[in-house]
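Colleague: Fold the following, please.
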Amino acid sequence: MTSQDLPSGDGPRADRPKRRTFTAAFKLRMVEEYDAAERGEKGALLRREGLYESSIQQWRRQRDAGELTASGMGRPATKKEKTPEQVELEQLRREKARLERQNTAMGKKLSQTEAALEIMGKGIALLEMMSEGADTENS
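Modeller: Predicted structure coming up:
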């Protein structure tokens, strides 16, 4: 069953409040009113509009950063173009990290192989000693 199958307003969460959205013009107006209000009036403004001081603080930061304008269009998010040297440097760093991981894995295998060879050498030496002991007892 999808939300489209349910009649509107009859869902299990129909009684929950909806998240409010605010226009840029409203945010700017509220920040200006809040800043212009006297000390005792700020709380009344927040209660009247059903806002929190943290929202005003966030909107003020957005306004100061130029992300909030009266037209509702903020500063476009521009992606800083990378120079070819920066792209190559990132590729080389990724390659280096990959090779280091591979080298660590190979080093681990090398250590295991060396340990296995050492054990086999000791096993062969033990068999030779046992073989020599058996030869001397038989003679």
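Colleague: Point me to the helix or strand that includes the residue minimising distance to the centre of the chain.
Modeller: The chain has residue 94 as the residue nearest its centroid, 18.2 Å off, counting by C-alpha atoms, centre = their mean. Residue 94 belongs to helix 84-138 when assigned by DSSP states H and E.
Colleague: Report the rounded mean pLDDT for that helix.
Modeller: For helix 84-138, the mean per-residue pLDDT is 90.
Colleague: Compute the distance from the centre of it to the centre of its chain.
Modeller: In terms of C-alpha atoms, centre = their mean, to the nearest Å, the centre of helix 84-138 is set 36 Å apart from its chain centre.
Colleague: just stretch 42-62 next, same as before
Modeller: Offset of stretch 42-62 from its chain centre (C-alpha atoms, centre = their mean): 29 Å.
Colleague: Any chance you could list what contacts it?
Modeller: 20, 27-28, 30-31, 33-35, 37, 68, 74 (C-beta atoms under 8 Å, 6 or more residues apart in numbering). Quick note: C-beta positions are derived from backbone N, CA and C, even for glycine.
Colleague: CA-only coordinates of that stretch, as PDB, when you get a sec.
Modeller: What follows is stretch 42-62, C-alpha atoms only, in PDB (Å, rounded to 0.1, in the frame of the first residue of the first chain):
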ATOM      1  CA  LYS A  42      11.600  40.100  21.100                       C
ATOM      2  CA  GLY A  43      10.000  37.200  23.000                       C
ATOM      3  CA  ALA A  44       6.500  38.500  22.100                       C
ATOM      4  CA  LEU A  45       7.500  38.600  18.400                       C
ATOM      5  CA  LEU A  46       8.800  35.000  18.600                       C
ATOM      6  CA  ARG A  47       5.700  33.800  20.300                       C
ATOM      7  CA  ARG A  48       3.400  35.700  18.000                       C
ATOM      8  CA  GLU A  49       5.000  34.200  14.900                       C
ATOM      9  CA  GLY A  50       5.600  30.700  16.500                       C
ATOM     10  CA  LEU A  51       9.400  31.000  15.900                       C
ATOM     11  CA  TYR A  52      12.500  30.100  17.900                       C
ATOM     12  CA  GLU A  53      15.500  32.400  18.500                       C
ATOM     13  CA  SER A  54      17.700  29.800  16.900                       C
ATOM     14  CA  SER A  55      15.800  30.300  13.600                       C
ATOM     15  CA  ILE A  56      16.400  34.000  13.700                       C
ATOM     16  CA  GLN A  57      20.100  33.400  14.400                       C
ATOM     17  CA  GLN A  58      20.300  31.000  11.500                       C
ATOM     18  CA  TRP A  59      18.500  33.400   9.100                       C
ATOM     19  CA  ARG A  60      20.800  36.200  10.200                       C
ATOM     20  CA  ARG A  61      23.800  34.100   9.400                       C
ATOM     21  CA  GLN A  62      22.300  33.300   6.000                       C
END
